[in-house]
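**Q** sequence first, predicted coordinates after that:
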Amino acid sequence: MGYKVELLSIVRKDLREAKNWYNEKSKELAQEFKATVNKEIDYIGEYPEHYQRKYKELRQSLVTRFPYAIFYLVKEDQKRVIIFGLLHTSRNPEIVRKRTIQ
């Protein structure tokens, strides 16, 4: 049984901005990006402990074929995964760490 996956509203903004960037290059590429990210989020929901911890309890999953990382926490007792960020791998992950404090 999978975990419930929750995205912070800022993650939806991260996703929208990235998809818009890819959309400027190619509509097909933007759709592939969205599908790949959604597939990875589904995988995280099924196997949340698959990826190693990067900062305290914060885990990181790299998106296949695209230079993006998904940052999330696992709430084992609640069977929940909270996604705190979708960032380009060239960006400072400190951005996401600050989101976990709020």
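**A** Everything's here; your move.
**Q** check whether Glu6 really touches Ile83, as I assumed.
**A** Yes. Assessed by Cβ atoms under 8 Å, Glu6 is found in contact with Ile83 at 6.9 Å. The C-beta positions use only the backbone N, C-alpha and C, and glycine is treated the same way.
**Q** more neighbours: these two, which one.
**A** For Glu6 versus Ile83, neighbours defined as other Cβ atoms under 10 Å are more numerous around Ile83 (24 against 14).
**Q** please, which helix or strand holds the most centrally placed residue in the chain?
**A** Centroid-nearest residue in the chain: Ile70, 2.6 Å away (criterion: Cα atoms, centre = their mean). Using DSSP states H and E, Ile70 falls within strand 68-75.
**Q** give me the residues contacting the lengthiest helix in the chain.
**A** Using DSSP state H to define each element, the chain has its longest helix at helix 27-46. Helix 27-46 is contacted from outside by 2-5, 7, 15, 18-20, 22-23, 50-51, 61, 63-66, 68, 70, 72, 81, 83, 86, using Cβ atoms under 8 Å, 6 or more residues apart in numbering.
**Q** what bits of this protein have low per-residue confidence?
**A** For the chain, residues meeting the criterion pLDDT under 70 lie at 1, 101-102.
**Q** coming back round to it: ok, the strand holding Ile70: who's next to it in the sheet?
**A** Strand 68-75 has its sheet partners listed here by DSSP bridges as strand 58-62 (antiparallel), strand 80-88 (antiparallel).
**Q** look at Arg65 and give its secondary structure.
**A** coil (DSSP: H, G, I helix; E, B strand; the rest coil).
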